[in-house]
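Student: Fold the following for me, if possible:
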Amino acid sequence: MLESVQDEILDLEPKNPRQTYLRTLCLTLTSTIIQARWSLETRTGHSIPVPFLILLVFWLSIVFASFGLFAPPNPTTIVMLLLCSVAVSGAIYFIEELDNPASGLIRISPDVMRNAVNEIGNLTR
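Tutor: Numbering: from 1, shown residues only. Take a look at the predicted model:
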C-alpha cells in the first residue's frame, strides 16, 4: 500500500518550486517509512543480549538474597521482598516483551499506520 502511495506521489507533476519541495519531502518520508517497515519485518533475534540478562538476573538474585539475609524475619519483610521481586521480574519481562513489538502481550497496533497511509493516499488524489 505504501508503494502505491509512493507511485502516486511520483506521478504528480509540480508546477512551482514549493510543490517540487513538497513532492521531494513526501517521497523522502514514504521512503523512510518503507525502510523502517522492512527493517522491522526483517529483524530477527533479540536486541538484548542473553549474557546481559543472565548477569542481570544473577545480580538481582544476590541483591534480594542479601536483603533477605540481613532483614529480620517477619511477615512484613517477607511480603515486601516478594512484592519487590515480582515488580523487578515483571519489569524484565516487559522489557523482553517490548523487544518484539509486533507480537506478544503488548503489541503496536497496525491500524495507526494504515490510517496514515490512507490519509496520504487521499491527499495525493
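Student: Could you check how far Gly68 is from Asn74?
Tutor: 12 Å (C-beta to C-beta, to the nearest Å). Bear in mind the C-beta positions are built from the backbone N, C-alpha and C, glycine included.
Student: Comparing those two, which residue is more hemmed in?
Tutor: Neighbour tally, Gly68 and Asn74, criterion other C-beta atoms under 10 Å: the higher count belongs to Gly68, 13 against 8.
Student: which residues does the more buried one contact?
Tutor: By C-beta atoms under 8 Å, 6 or more residues apart in numbering, the residues touching Gly68 are 77, 81.
Student: check which helix or strand covers it.
Tutor: Following DSSP states H and E, one finds Gly68 within helix 50-70.
Student: contacts for stretch 108-124?
Tutor: By C-beta under 8 Å, 6+ apart, the residues outside stretch 108-124 that reach it are 1-2, 4-5, 8-9, 12, 26, 30, 33, 37, 101-102.
Student: whoops, stretch 54-67 was the one
Tutor: 81, 84-85, 88, 92.
Student: just curious, which of those is nearest to Val50?
Tutor: Comparing the contacts of stretch 54-67 against Val50 with C-beta to C-beta places Ile92 closest, at 12.6 Å.
Student: tell me which element the closest one is part of?
Tutor: Applying DSSP H and E, one finds Ile92 within helix 75-97.
Student: I'd like the distance from Pro72 to Cys84, if you could.
Tutor: In this structure, Pro72 and Cys84 are separated by 16 Å, where distance is defined by C-beta to C-beta.
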